[in-house]
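Student: Sequence and computational prediction follow.
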Amino acid sequence: MADAIIEREREAFAGTVLREGLIGGLLAGAVFALAEMLVSAAMGGSIFGPWAMFASILLGSSALSAEFTLGIFIVGFVVHFVLSALFGLIWGATAKSVSRGIRDSWGAHAVAAMIYGLVIWLVNFQVIARVVYPWFLQTNALAQILLHALAFGLPLGLYLTARLRPIEGAAGVRRTVV
């Protein structure tokens with residue numbers, strides 16, 4: 001009976017981690033998009049440039065040379081947040097399989113998630129973009145590395161830690177009572 005309860009709690013926790021990963025991906029995606037807009041403006045570009053870049057994943061490089069329109073923004077918005085949710089879901093799946101000590105540690109989880117942000121940049125820019133989206137290689141690499149780590153990975157890790165620590169703590173209390 002106690003084993004069945006613990007197993008149900010584990011399954012519920014796994015679902016919670018995935019859900020929170022997806023939500024965290026969306027929130028981190030919002031932080032990332034805002035940071036991209038600010039960096040673009042600071043570097044003399046348009047604040048709408050990142051949305052055209054996101055849209056170019058579906059529309060091709062023509063999204064970057066065309067006049068910025070509501071349609072380009074909508075495509076960029078959808079592409080960006082679908083990918084952010086997917087990357088958050090992947091991080092949630094990864095986080096549920098690491099030890100609770102790392103998952104519940106603000107510092108360890110933040111560092112691990114920032115490394116994940118770097119891996120996202122590495123795969124997307126240094127592997128996929130070289131083959132499919134060469135115009136992505138024209139961006140400032142250092143800015144993109146920092147944005148992926150600090151504006152996506154860090155908020156994702158902090159959000160997941162904040163959401164999972166209370167849940168795991170409560171589950172731990174229930175387990176000791178059972």
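Tutor: Cool, got the structure.

Student: thought Ser56 was touching Gln138?
Tutor: No. Assessed by Cβ atoms under 8 Å, Ser56 is found out of contact with Gln138, at 11.3 Å. Backbone N, C-alpha and C define where each C-beta goes, glycine included.

Student: which one of the two has more residues nearby?
Tutor: Ser56 (22 against 11; other Cβ atoms under 10 Å).

Student: Excluding sequence neighbours, find me the nearest residue to the more buried one.
Tutor: With Cβ to Cβ, 6 or more residues apart in numbering as the measure, Ala63 is the residue that lies nearest to Ser56, at 4.2 Å, once sequence neighbours are left out.

Student: Identify the residues contacting the one you found.
Tutor: Counting by Cβ atoms under 8 Å, 6 or more residues apart in numbering, Ala63 makes contact with Ala52, Met53, Ala55, Ser56, Ile72, Val75, Gly76.

Student: Now the helix or strand encompassing it: buried residues?
Tutor: Under the criterion of DSSP states H and E, Ala63 resides in helix 62-65. Applying a neighbour-count criterion of 16 or more other Cβ atoms under 10 Å, the buried positions in helix 62-65 are Ala63, Leu64.

Student: Next SSE downstream of it?
Tutor: Sequence-wise, the next helix or strand downstream of helix 62-65 (DSSP H and E) is helix 70-95.
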